[in-house]
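Trainee: return atomic coordinates for the entry below.
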Amino acid sequence: DAHCEVGINWLPPLLAPIRANRRAMTVPVIDGIDKDTFEYRPVYHGRQHFRGIFEWGMLYKEIEIPEEEIKRRKYHSEPYKSPTHAGGLFAIDRKYFLELGGYDPGLLVWGGENFELSFKIWQCGGQIYWVPCSRVGHVYRGFMPYSFGKLAQKRKGPLITVNYKRVVEVWMDEYKEYFYTREPLATYYDAGDLTSQLELRKRLQCKGFRWFMKNVAYDVLKNFPLLPRNLFWGEIRHDSTGQCLDAMGAHPPSTAALSTCHGTGGNQVFRLNAEGQLGLGERCMDATSGSMEVVYCSLGTVDGPWEYSVVSGMCASFGGLSIAFVLGRIWATKAMLSSMGFPLP
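Mentor: Numbering: from 1, shown residues only. A predicted model of the protein is given here:
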């Protein structure tokens, strides 16, 4: 990234692991720089060390390194293994990067390239290390000062989500079903031609994603368990007014409300899974607040108190909170897809 400022002696610690193993990719500790004052703000404190993982909607997450990694190191300052990285700030042998095929050229603008490179490196014989002795400051913008423009028109669906679909279809094998459980609309997005990427994986003789989950990303499931199947998903429409339930913003907490159905998905596509969790994205409907509060789903959980009656249209929690008169019925998935212009199977 261009909007960065490197720390003192940032480069040698990044290069040393690559000198020892040309199939290693190294990642600095990324601190924050205030976008208004340019104040340098360390992200981690004391002896904290984190590493990159993901949840099933392919959102990038960081957690403290597991005990297995702590025990492997002789010194606290040693580089340590990480399943993924945030993207943009890393060091890698140029020839090795090109041997891996570089980035998938079908990924447009940005989004998903960090996972594509991470999975590719690990599954095809490489390693990723985070390097505590290398620190780089990064200016995090308050908003995106540009649009995807005409490039977005090349994809049917949100460009970033379509990028994620390319990654999961090429690298995640049977685990891709959990991405589609989390983002059911993505099933209908066109990810483009994947032939060259699948041939690349075969030519490089890469391991399967199950191996990656067992040997590298073994701490993902402790925080983001495998998702139960969806019983229902789609817009939740009021029977009388035809309005849709809307999460009213992407950043919890928020209060869901009825709004004009816009037919583009986003904050109006909910899912109810077999374990009673009602939500969208990484957000859940809170049954304890007495109102339609949207909060972050509790880490490490995939269940909830919600039930849905196809006959009555009632969506209620075990605690007695019923929002049937507000929610109406979960609109038939096929009807919703048809209205959004997706071809039906």
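Trainee: what is the helix or strand harbouring residue 120 packed up against?
Mentor: Using DSSP states H and E, the element containing residue 120 is helix 113-123. With contacts defined as 3 or more C-beta pairs under 8 Å, 6 or more residues apart in numbering; DSSP states H and E, helix 113-123 has these neighbours: strand 50-54, strand 127-139, helix 159-171, helix 209-215. Where you see a C-beta, it was placed from the backbone N, CA and C, and this is true even at glycine.
Trainee: list the buried ones in the first one?
Mentor: By that I understand strand 50-54. Buried residues in strand 50-54, counting neighbours by 16 or more other C-beta atoms under 10 Å, are found at 50-54.
Trainee: I'd like to check what contacts the helix or strand just after it. Which residues are they?
Mentor: With elements assigned by DSSP H and E, the helix or strand that comes after strand 50-54 is strand 60-64. For strand 60-64, the external contacting residues (C-beta atoms under 8 Å, 6 or more residues apart in numbering) are 48-55, 84, 86-87, 114-115, 219, 223-224.
Trainee: report the two of these separated the most.
Mentor: Based on C-beta to C-beta, the longest span within the contacts of strand 60-64 runs between 48 and 115 and measures 23.6 Å.
Trainee: okay, those two: which has more neighbours?
Mentor: residue 115 (24 against 12; other C-beta atoms under 10 Å).
Trainee: which residues touch the more buried one?
Mentor: Residue 115 makes contact with 54, 58, 60, 84, 164, 167, 171, according to C-beta under 8 Å, 6+ apart.
Trainee: return the member of the residues you listed nearest to residue 94.
Mentor: Nearest to residue 94 among these, counting by C-beta to C-beta, is residue 84 at 21.1 Å.
Trainee: counting neighbours, what do you get for that closest one?
Mentor: The burial metric for residue 84, expressed as a neighbour count using other C-beta under 10 Å, is 24.
Trainee: check the one 5 residues further on too.
Mentor: Residue 89 is surrounded by 17 other residues when neighbours are defined as other C-beta under 10 Å.
Trainee: just the helices from the stretch 201-345 of the chain, written as ranges.
Mentor: Listed in chain order, the helices found in the stretch 201-345 of the chain under DSSP state H, counting those that start in this stretch are 209-215, 220-223, 324-327, 333-339.
Trainee: dihedrals phi and psi, residue 264?
Mentor: Residue 264 adopts backbone torsions of phi -120, psi 10, taken as degrees, to the nearest 10.
Trainee: state the distance from the residue sitting furthest away from the middle of the chain to residue 258.
Mentor: Going by C-alpha atoms, centre = their mean, the residue of the chain most distant from its centre is residue 240, 36.0 Å out. With the distance defined as C-beta to C-beta, to the nearest Å, residue 240 ends up 11 Å from residue 258.
Trainee: domain parsing of this protein, as residue ranges.
Mentor: Domain assignment for the chain, taken from automatic domain parsing, gives 4-223, 230-339.
Trainee: save those as TSV, and put in mean pLDDT too.
Mentor: Formatted as TSV, the entries for these read as follows, by pLDDT from 0 to 100:
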stretch	mean pLDDT
domain 4-223	91
domain 230-339	74
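Trainee: which residues touch the closest residue in space to residue 183 that isn't next to it in sequence?
Mentor: Spatial nearest neighbour of residue 183, chain neighbours left out: residue 57 (5.6 Å); criterion: C-beta to C-beta, 6 or more residues apart in numbering. Residues in contact with residue 57, defined by C-beta under 8 Å, 6+ apart, are 164, 179, 182-183, 281-282.
Trainee: make it 7 Å
Mentor: Residue 57 makes contact with 182-183, 281-282 under the criterion C-beta atoms under 7 Å, 6 or more residues apart in numbering.
Trainee: then residue 140?
Mentor: Under the criterion of C-beta under 7 Å, 6+ apart, the contact list for residue 140 reads 32, 35.
Trainee: change it to 10 Å
Mentor: Listed by C-beta atoms under 10 Å, 6 or more residues apart in numbering, the contact set of residue 140 reads 3, 30, 32-35, 41.
Trainee: nothing else from me, thank you.
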